[in-house]
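*Asks:* please work out how this folds:
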Amino acid sequence: MGFRFMHAADLHVDSPFRGMSALPPSIRDRVRESTFRALDELVRLALRERVDFVVVSGDVYDASDRSLRAQLRLQAALRQLASGGVPVFIAHGNHDPADGRTARLDWPESVRFFAADRVETVPALLDGDRVVAEVHGRSFGSAAVRDNLALGFRGASRTEGAYQIAVLHANVDGDEGHDNYAPCSLRDLTEGGFDYWALGHIHTRRVLHERPWVVYPGNPQGRSVRETGARGCYIVDVSEAGETSLTFHALDDVRWAVRLIDIAPFRTEQELLAELAAELEQVRDEASGRPAVARLVLEGRGPLHAALRAGGGAEEWVSLLREEARERADSARTIGYGSNRSRMRRCRTCAWTS
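*Replies:* Here you go, the predicted model:
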C-alpha cells in the first residue's frame, strides 16, 4: 500500500503586506488576513485529501521576531491536524530561523520542528508502526545561512526500503530573484540518494528534477503583485512500488494579477474603459471565486495618451472602474487604487475584484 503527503513551504504567516496604504481599509484587512486564511485552507485540504503527513520547508512565519498572533494561529492549525491524525514535519528558514523570538507554547506531540545544528531523521509511520518513509530535515539557525546545508544530508541514516524525503530551505543553483541562502547545486541534490527533496525559499512552484524529485511548491499566498497567479502546495502520492506523482492545489485567499494594455488602438475613453472592464472580468474569472488584486499597466502612445498622463488621471480612472464593476453586478465589485507614477511611458492602475 502506498502513502500520500503534502509538501508546502513559505507560509509567511502574518505577513504585514506593506505598501497597501492606498487600498480601502476593508480591502487592506482582507489582504493582511490572507496568509492566515491560506493556512486554514491548507489544514482543510490535508484533512479532506487524507494525507498521511505534512512537510513544511521553511518560512512558516514572516519574521524572526514572530508575532504571538502568528504562533497561536499556527498552533491551532497544527492541533487540528493532530486531531485528524496527521503528523507535521517543519524546517525553519531564513525568515523564521531557530534563534528568532519564540513564545513558550505547547505543541502537539505529532509535530516535529527540525534542529538547526544537524540533520534529523524521523520515521513516517502508517498503521501505527509500519515505516513507509523517513523524513530528514534541518532548520536555519540564523537568518543568513551561507553554508551548503544539502551536503550534510548525505550522512543521514536510512532504513532500507523506506521512501526518503529531505526537507530543506535552500537556493538551488543561485536563483537571482532570492537571497542566496543555503546555496547548493541541483547535482548536490540529485546525487544525495533521496527520493524527494522538499524544498522551500523560491516562491514560484517549480519541479527542478524528476526521479529523484526536487520540488519547490511555491508559497500558499502571494504577498505582492510580483507574485501573481495561483499559489498553493503539492499533494504527493507514492505508490507501493515507489512511483511518485504530484498534484498542485491552490490555497491562496487573495490572488494577484497584472495586465498590460496597449492604449494605441483606443480613440475614446469609452473604448478604453470597456477594455479595462473586460480585463478585470477575466481576472475575476481566473481567480475562481476568490478576491483578486489586479494591476493594469497602460502602455504605448495613442489618442488618449495626453489625457492619461494628466494630473489626477490614474485616480479618476480607478473611480470609473469601480463604478463600472458595481453596475455590472451587485455581487461583483471593483475597488482600486492608482497613482500618476509612470515609467517608460507607462501608467499603472490597480484594482480589487471579487
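
*Asks:* list the buried ones in the top helix by length along the chain?
*Replies:* Identified as the longest helix of the chain according to DSSP state H is helix 25-48. By 16 or more other CB atoms under 10 Å, the buried positions in helix 25-48 come out as 27, 30-32, 34-43, 45-46. For glycine as for every other residue, the C-beta is placed from the backbone atoms N, C-alpha and C.

*Asks:* swap in stretch 233-245?
*Replies:* For stretch 233-245, using 16+ other CB under 10 Å, the buried residues are 233, 234, 235, 236, 237, 238, 244.

*Asks:* off-centre distance for it?
*Replies:* 21 Å (CA atoms, centre = their mean, to the nearest Å).

*Asks:* now it: average pLDDT?
*Replies:* Stretch 233-245 carries an average pLDDT of 96.

*Asks:* ditto for stretch 163-173
*Replies:* Here the average pLDDT along stretch 163-173 is 97.

*Asks:* spatially central residue in this structure, please.
*Replies:* Nearest residue to the geometric centre of the chain (CA atoms, centre = their mean): residue 219, 1.4 Å.

*Asks:* got the confidence number for that residue?
*Replies:* 98.

*Asks:* pLDDT weak spots in the chain?
*Replies:* Scanning the chain for pLDDT under 70 picks out the ranges 22, 311-314, 322, 324-354.

*Asks:* cutoff 50 now
*Replies:* When residues are selected by pLDDT under 50, those of the chain lie in 329-345.

*Asks:* please enumerate the helices of it.
*Replies:* So, for the chain - with DSSP H - the helices run 25-48, 68-83, 186-190, 269-286, 305-309, 313-328.

*Asks:* any chance of a markdown table for those, columns distance to residue 6?
*Replies:* A markdown table is the format used below for those (distance: least, CB to CB, whole Å):
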| stretch | distance to residue 6 |
| --- | --- |
| helix 25-48 | 5 |
| helix 68-83 | 10 |
| helix 186-190 | 20 |
| helix 269-286 | 24 |
| helix 305-309 | 46 |
| helix 313-328 | 36 |
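
*Asks:* for residue 295, find the nearest of those.
*Replies:* Residue 295 sits nearest to helix 269-286 of all the helices of the chain, at 9.9 Å, using CB to CB.

*Asks:* list the beta-bridge partners for residue 233.
*Replies:* residue 249 (DSSP bridges).

*Asks:* quick one: it and residue 8 touch, right?
*Replies:* Yes: between residue 233 and residue 8 there is a contact under CB atoms under 8 Å: 3.9 Å.

*Asks:* joint contacts of those two?
*Replies:* Residues touching both residue 233 and residue 8 (CB atoms under 8 Å, 6 or more residues apart in numbering): 42, 217, 220, 251.

*Asks:* check contacts around residue 123.
*Replies:* The neighbours of residue 123, taking CB under 8 Å, 6+ apart as the test, are 131, 133, 134, 135, 159, 162.

*Asks:* which ones among the buried residues of stretch 233-245 map onto strands?
*Replies:* Judged by DSSP state E, strands contain the following of those: 233, 234, 235, 236, 237, 238, 244.

*Asks:* what's near enough to touch the third one?
*Replies:* This points to residue 235. 4, 5, 6, 45, 49, 51, 246, 247, 249.

*Asks:* again with the first one
*Replies:* Residue 233 makes contact with 6, 7, 8, 9, 42, 45, 217, 220, 248, 249, 251, according to CB under 8 Å, 6+ apart.
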